[in-house]
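K.L.:
Here is a sequence with its predicted model. Questions after.
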Amino acid sequence: MSEQDQIVDTPAQTFLGRIWQALGPTGLPSDDRGRMRMVVDNLVLHLHPTKVPTRTLSWTYTWGLGGLTSLLAVILVLTGIFLQMNYTPSPSQAYLDILSLRTNTWFGDLLRNLHHWSANLLVVTAFLHLLRVFFTGGHRAPRATNWIVGVLMLLLVLAANFTGYLLPWDQLAYWAITVGTSIINYVPIVGGFLNRLLLGGPEVGAPTLLNFYSLHISFIPVTMVMLMSLHFWRVRKDGGLTVPRRAKESEPPKIERVTTIPHLVRRELVFAVAWIAILLAWSMLVPAPLEGIANPDLSPNPAKAPWYFLGLQELLLHFHPLVAAVIIPGLALGALLLLPFYDIQISSVGVYFRSLRGRFLSLLALGTALLITPAWVLLDEYLLDWSAWLASWPSLISNGLVPLAVVVLGLVALDELVKRGLRATQEERILFIFVFLVTALVVLTAIGIFFRGPGMSLYWPWDIPTTHLSL
Ligand code: HEM
């Protein structure tokens, strides 16, 4: 049998062949078509194993979040290449280029909107994907390396968004980056140096734009592509995805597998086409924000960091900057990176929320954090005054380490309650604390986005006035 016959014989290849034919190159001689089909199949089978467990194909297991995150990364690279062709990274030209892109370039506005919304959605999907992996125990052995690679990619996603934020050089960009980068100053000893290195000077200006542009179009995407390749390779090396447990214990323990082509690939194509349609429709209807040209002499009030850093900015309102900007994020990042080494129970891998009690504890943690976080923000805003009460102490202690100790003690008390009162196992306790902290972060971010107005005071969202401060 010739190579060509073999390709046509298997149903999987016939499926891709049909797509290939539908896409157009029907004028090619059948030999060439067969070869191209083989190339497409080869590409697919480089990314995926030849067979996958049937149970991992269920939508409600992965929610397609890793796939969607990958799709967004591809859309960002493609739209980014076109945007870059119409953009000069200089304060005198950048804003004008964006205006011209919107009005004078064919589909320029659509491409910009698509890039903007995909980038913001990427932060959300990468975060949700992290949650899905954690909730199904996908971070545990042998997937620890991939978890760490994932955390690094999440940091890169944030860095990509942050550096891209400045490029339109409008008021929103200028002041969000001014606020965002000022947080770096709080890193002890090297903070000032790092800030100047990133900004290329004492404040946001032409060198900053060039630095951010270079990072945004070269270092970050190149590193991202390398890490993504490593991530996909590790998924294969680790034996594919974690397999959801059998619905009933009576089911046979054997893992059923089906061929990747067409079963997985068909789902991925449908999912990708649906998401591309949603993103296109959204980008046609909702323009990406663009304010007036950057004006270093006129600061918006409040001046807020980009939305994904508003949880961090909110912490700065409640703790000494060293605690808010360095100690808490440092501890959180360390705990996330080390998670696979202290949350190691592999018998529940593949079971959402570990167990029935785990589900209950997750709901309990969600509810508790939804109540306690806003209550604590309100208390700290209107009643607690650590600096006045402990006036003789250095503010790092009175306004930093003391409130941090109170929060940590509160968490330890909650953990004890769950351990003793509900007889939670170690993995369920970790789950409880994780859900609590993630919910608290989301609540703090929401408060920063919707409830902070001039002077970073608390307002109802509909009462927030827009003001400016001349500097
Ligand atoms: C740009 C960011 C990312 C991309 C493009 C990406 C892509 C993917 C894809 C396509 C999969 C397989 C399908 C799926 O699970 O939905 C996957 C699995 C995995 N990802 Fe990610 N991911 C990203 C970020 C992360 C993050 C932030 C983490 C965690 C910190 C992470 C940890 C993992 C792990 C451990 C697996 C294997 C999960 C399992 O076996 O169930 N990834 N990723």
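P.N.:
Nice, thanks for sending it over.
K.L.:
now this structure, which segments are flagged as low pLDDT?
P.N.:
For the chain, the stretches with pLDDT under 70 are 1-31, 33, 245-254, 469-471.
K.L.:
all strands of it, in order?
P.N.:
Secondary structure of the chain (DSSP state E): strands located at 51-53, 257-259, 298-301, 467-470.
K.L.:
Using JSON lines, lay out the ones you listed together with mean neighbour count and distance to residue 194.
P.N.:
Every C-beta, even on glycine, is put in place using the N, C-alpha and C of the backbone. Formatted as JSON lines, the strands of the chain follow (neighbours: other CB atoms under 10 Å; distance: least, CB to CB, whole Å):
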{"stretch": "strand 51-53", "mean neighbour count": "17", "distance to residue 194": "44"}
{"stretch": "strand 257-259", "mean neighbour count": "15", "distance to residue 194": "49"}
{"stretch": "strand 298-301", "mean neighbour count": "17", "distance to residue 194": "23"}
{"stretch": "strand 467-470", "mean neighbour count": "11", "distance to residue 194": "27"}
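K.L.:
With distance to the ligand added, can I get those in a markdown table?
P.N.:
Conversion of these to a markdown table gives the following (distance: least, CB to the nearest ligand atom, whole Å):
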| stretch | distance to the ligand |
| --- | --- |
| strand 51-53 | 10 |
| strand 257-259 | 15 |
| strand 298-301 | 31 |
| strand 467-470 | 37 |
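K.L.:
Minimum distance to residue 354: which of those has it?
P.N.:
Closest of the strands of the chain to residue 354 is strand 51-53, at 20.1 Å (criterion: CB to CB).
K.L.:
can you pull the contacts of residue 455?
P.N.:
301-302 (CB atoms under 8 Å, 6 or more residues apart in numbering).
K.L.:
one step back: so which of the strands of the chain comes closest to residue 436?
P.N.:
Nearest to residue 436, of all the strands of the chain, is strand 51-53, at 32.3 Å by CB to CB.
K.L.:
what packs against that closest one?
P.N.:
strand 257-259 (3 or more CB pairs under 8 Å, 6 or more residues apart in numbering; DSSP states H and E).
K.L.:
Pull the residues that contact the strand it packs on.
P.N.:
With contact meaning CB under 8 Å, 6+ apart, strand 257-259 is reached by 12, 50-54, 57, 264.
K.L.:
from these, which two are the most distant?
P.N.:
12 and 53 (16.8 Å).
K.L.:
re earlier: closest to residue 306 among the contacts of strand 257-259?
P.N.:
residue 264 (35.2 Å).
K.L.:
can I see the domain layout of this structure?
P.N.:
Domains of the chain are assigned by automatic domain parsing as 3-47, 60-296, 315-471.
K.L.:
Helices of the stretch 101-250 of the chain, start to end?
P.N.:
With helices called from DSSP state H, counting those that start in this stretch, the stretch 101-250 of the chain shows them at 108-135, 144-166, 171-182, 191-199, 206-214, 220-237.
K.L.:
now the longest one against helix 144-166, angle please.
P.N.:
I take that to be helix 108-135. When axes from the mean of the first three to the mean of the last three CA atoms, to 10 degrees is applied, the directions of helix 108-135 and helix 144-166 differ by 150 degrees.
K.L.:
One more: the third one?
P.N.:
Between the direction of helix 171-182 and that of helix 144-166, the angle (the same axes, to 10 degrees) works out to 130 degrees.
K.L.:
now helix 171-182 against helix 191-199, angle please.
P.N.:
Here helix 171-182 runs at an angle of 150 degrees relative to helix 191-199 (the same axes, to 10 degrees).
K.L.:
ok, now the second one?
P.N.:
Angle between the axes of helix 144-166 and helix 191-199 is 70 degrees (criterion: the same axes, to 10 degrees).
K.L.:
From residue 269, how far off is the closest residue to residue 176 other than its chain neighbours?
P.N.:
Distances taken as CB to CB, 6 or more residues apart in numbering place residue 306 nearest to residue 176, at 5.1 Å, with adjacent residues excluded. Per CB to CB, to the nearest Å, residue 306 is found 33 Å from residue 269.
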